[in-house]
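# need coordinates for the following:
(one chain, ligands or ions: 1)
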Amino acid sequence: MIPITKPFMDRKDYEAVLAPLQSGWLVQGPEVARFEETVARFCKVQHAVATTSCTTALHLALLAAGIGKGDVVLVPSFTYIATANAVEHAGARPVFIDIDPETFNISVEKMEAALAEWKTESLPSPKAIIPVHLFGLCADMPSIIELSERHSLTVIEDAACALGSTIQGRLAGSFGLAGCLSFHPRKIVTTGEGGMIVTRDEYLAKSLRILRDHGAETSDHARHHARGGELPAFNHLGYNYRMTDIQGALGTSQMAKIQKIIDMRKNLVRAYNRILVDIPWLKIPFCPDGYTHTYQSYVCSLHLEGAKAGKIGKVRRGLIEHLSSAGISSRPGTHAVHLLGYYRRKYSLRSQDYPNSRMAHYSTVALPLYPGMTNGEQLRVAEAISSFTP
Ligand SMILES: Cc1ncc(COP(=O)(O)O)c(C=O)c1O
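Reported below is the predicted structural model:
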């Protein structure tokens, strides 16, 4: 079976995880600190705060930015459910915005229109926006930052899929107040589970460090090395969102090869693009000028002239089954969150409310992509797709 993804691990990674096991310091200690410094340097920001996942990173970033009960947060309607869930967990309300069908990212025009028509009698004005850099392509951050300044919106980037992606050389996660990263095994580099918030804001970073550690004003590691052994002050309601040092050590080791991993993914994408571009009903991923795409997922979409989303969804299911019977894993790109039971019911959303997201929900397909994938495997994927009749 050709898998959808495979984490890229080598001997240095295996050795790295042994160090904390041998030292005995297992949770949020020197290895996590080293990983944070490495990611901050890579993203060209001053601060990075590790967490247990990108979902908890988003949750903490919202809380530390003062977003909570009754606040409205703009979220794209086509994203992994975790983006919206983090808003719900913060006690705020996600309001969905449709996407641009070319990039699969939040549509700035739709956001402009929603803000222009905002009915303040039914909902307070939005306080924040979470642009998502879906599948490894940055959302249109220059326009989003400009719009957020006009409307006083806090920008928290969901950069779960986009570590290393850029616009005009500027890195994903470094545009807004904070950027949230994921180190799940389907991401560019992995620590198993794991997340991180990157920011230039020193005050925000300090709040994040306190909130992720039960509200403790001083970390265990700092206390351990101080005289006296006093317990820390607890002035805030915090969480246990601490990363382990085993993950931290693996993260630093993975970061040592991030550029190599990105380059390998880009080479594979160039090969895929060459062999898939002539299939008339398949649209290959788009990357605007000035952007670099890290292709956390290689997501194509099915284009069947005149067909409705439901019909395309049935054809896509057939394609995924056809690939599976040829020994190839593939998956839907991600979901339109407004179609998912919890959000549909809670906010009485209709499936036609966000048509581009709905279409992407039914038409997208992620193909296998991982460093180490061979040309032969890519050809097998292309042949299997070519032999499918939509
Ligand atoms: C866009 C997006 N946001 C958030 C997440 C959640 O990341 P994590 O699994 O680290 O919580 C994911 C995970 O796939 C994602 O794709």
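
# now the residue of the stretch 251-390 of the chain found nearest the ligand. Nearest residue, chain neighbours left out?
The nearest approach of the stretch 251-390 of the chain to the ligand comes at Thr334, 6.5 Å away (Cβ to the nearest ligand atom). From N, CA and C alone the C-beta is placed, and that goes for glycine too. Leaving aside its sequence neighbours, Thr334 sits nearest to Tyr80 (Cβ to Cβ, 6 or more residues apart in numbering; 5.2 Å).

# check what pLDDT that neighbour gets.
Predicted confidence (pLDDT) for Tyr80: 98.

# what number of residues lie near it?
Here the count is done by other Cβ atoms under 10 Å, and Tyr80 has 20 residues near it.

# that one against His335, yeah?
Yes. In this structure, Tyr80 is within contact of His335 by Cβ atoms under 8 Å, at 7.5 Å.

# distance of the residue of the stretch 251-390 of the chain closest to the ligand from His221?
Taking Cβ to Cβ, to the nearest Å as the measure, Thr334 falls 37 Å from His221.

# that older thread, ok, now how distant is the residue of the stretch 251-390 of the chain closest to the ligand from Thr364?
Distance from Thr334 to Thr364, by Cβ to Cβ: 7 Å.

# cool, Ile188 as well?
Distance of Ile188 to Thr364, computed by Cβ to Cβ: 20 Å.

# what's the answer for Leu147, then?
26 Å.

# so the two - more neighbours on which side?
Set side by side, Leu147 and Thr364 show more neighbours around Thr364, with 25 against 18, by other Cβ under 10 Å.

# give me the number of residues near Ile279?
Neighbourhood size, Ile279 [other Cβ under 10 Å]: 16.

# shouldn't it be within a strand?
No. Applying DSSP: H, G, I helix; E, B strand; the rest coil, one finds Ile279 to be coil, outside a strand.

# which pLDDT value goes with it?
If you check Ile279, the pLDDT there is 97.

# that one contacts Ala384, doesn't it?
No. Applying Cβ under 8 Å as the test, Ile279 and Ala384 come out as separate, 11.3 Å apart.

# what's the lowest-mean-pLDDT helix or strand in the chain packed up against?
Here the helix or strand of the chain ranked lowest by mean pLDDT, DSSP states H and E is helix 220-224, holding a mean of 82. If you count contacts as 3 or more Cβ pairs under 8 Å, 6 or more residues apart in numbering; DSSP states H and E, helix 220-224 packs onto no helix or strand.

# from here on, call the first residue 48.
Understood, numbering begins at 48; the last thing we discussed is helix 267-271.

# what about stretch 255-269 and the ligand, touching?
No. Using Cβ under 6 Å from any ligand atom, stretch 255-269 stays clear of the ligand, with a minimum separation of 13.9 Å.
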